[in-house]
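In: what's the 3D shape of this:
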Amino acid sequence: MKKTLIAAAMATGLVCGSQQALADDLYLGAQYNLYTFSTSDLDDLEPDGLAFVIGGNLNENFQVEGRFGRSLSDDNVQGAALKVDELVGFYVKGGMTFADMVFPYVILGYTKVDLEFWGEPLDYTESDLSYGVGADVELGNFSVGLEWMMLQDKTDYELEGLSFNGKWRF
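Out: A predicted model of the protein is given here:
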């Protein structure tokens, strides 16, 4: 119930956000992800992935962003393998610009992940509240960034991501 209310509040904010503000500062980009899947039964699995990023500024301190991605490769441990078959997420980033170029932020949102797990023939499609921290460095219309995010924190596993990104503003 709590997650549904948070997702509904975020969706309402996205819809009610000023379309003019978003139209003036949209960005597209790509994100390289290093995932860490942790569970008590196995060693950590660390597949990598690529995501398409689209977003925009609501104002100078808040951005909204959507991400759509999948694994580039799977990771194997003794008797098991994992890949992130699909990732879809919607987020709000809040921060402050320093020195007219560095934007450190906190990020909060919702992520749906489809995991393919071999060893035991299991496919997980789960969604969860996601949170993290990061920083972007603005270089004119281009920016680069680094981010850590807890994508899913479930009872039987955790999925974290360390991301490197590049975005173009238009």
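In: Go through stretch 40-47 and flag the buried ones.
Out: Neighbour counts over stretch 40-47 (16 or more other CB atoms under 10 Å) mark 42, 45-47 as buried. For every residue, glycine as well, the C-beta is placed using N, CA and C.
In: What segments of the protein are helices?
Out: For the chain, the helices defined by DSSP state H cover 2-16, 19-24.
In: pLDDT averaged over the shortest one - what is it?
Out: For helix 19-24, the mean pLDDT works out to 49.
In: Walk me through the regions of this structure where pLDDT falls short of the threshold, as ranges.
Out: For the chain, the stretches with pLDDT under 70 are 1-24, 119-123.
In: go with 90
Out: By pLDDT under 90, the low-scoring segments of the chain are 1-25, 37-46, 73-85, 115-128, 152-158, 170.
In: Would you map the strands across it?
Out: Ranges of strands in the chain, per DSSP state E, are 26-39, 42-45, 48-57, 62-73, 75-77, 80-95, 102-118, 122-139, 142-153, 158-169.
In: List the neighbouring strands of the longest one plus their orientation.
Out: What it means is strand 122-139. The pairing partners recorded for strand 122-139 under DSSP bridges are strand 102-118 (antiparallel), strand 142-153 (antiparallel).
In: Equivalent analysis for the last one, please.
Out: For strand 158-169, the pairing partners within the sheet under DSSP bridges are strand 26-39 (antiparallel), strand 142-153 (antiparallel).
In: Need those in a markdown table (columns: distance to Thr125).
Out: Below are those laid out as a markdown table (distance: least, CB to CB, whole Å):
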| stretch | distance to Thr125 |
| --- | --- |
| strand 26-39 | 15 |
| strand 142-153 | 11 |
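In: So for Leu162, which of those strands sits nearest?
Out: strand 26-39 (4.6 Å; CB to CB).
In: That closest one vs strand 48-57, what angle?
Out: Orientation of strand 26-39 against strand 48-57 (axes from the mean of the first three to the mean of the last three CA atoms, to 10 degrees) gives an angle of 140 degrees.
In: can you pull the buried residues of strand 26-39?
Out: Buried, per 16+ other CB under 10 Å, within strand 26-39: 27, 29, 31, 33, 35, 37, 39.
In: can I get those residues in JSON lines with distance to Phe164?
Out: What follows is the buried residues of strand 26-39, written out as JSON lines (distance: CB to CB, whole Å):
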{"residue": "Tyr27", "distance to Phe164": "16"}
{"residue": "Gly29", "distance to Phe164": "11"}
{"residue": "Gln31", "distance to Phe164": "7"}
{"residue": "Asn33", "distance to Phe164": "8"}
{"residue": "Tyr35", "distance to Phe164": "13"}
{"residue": "Phe37", "distance to Phe164": "19"}
{"residue": "Thr39", "distance to Phe164": "25"}
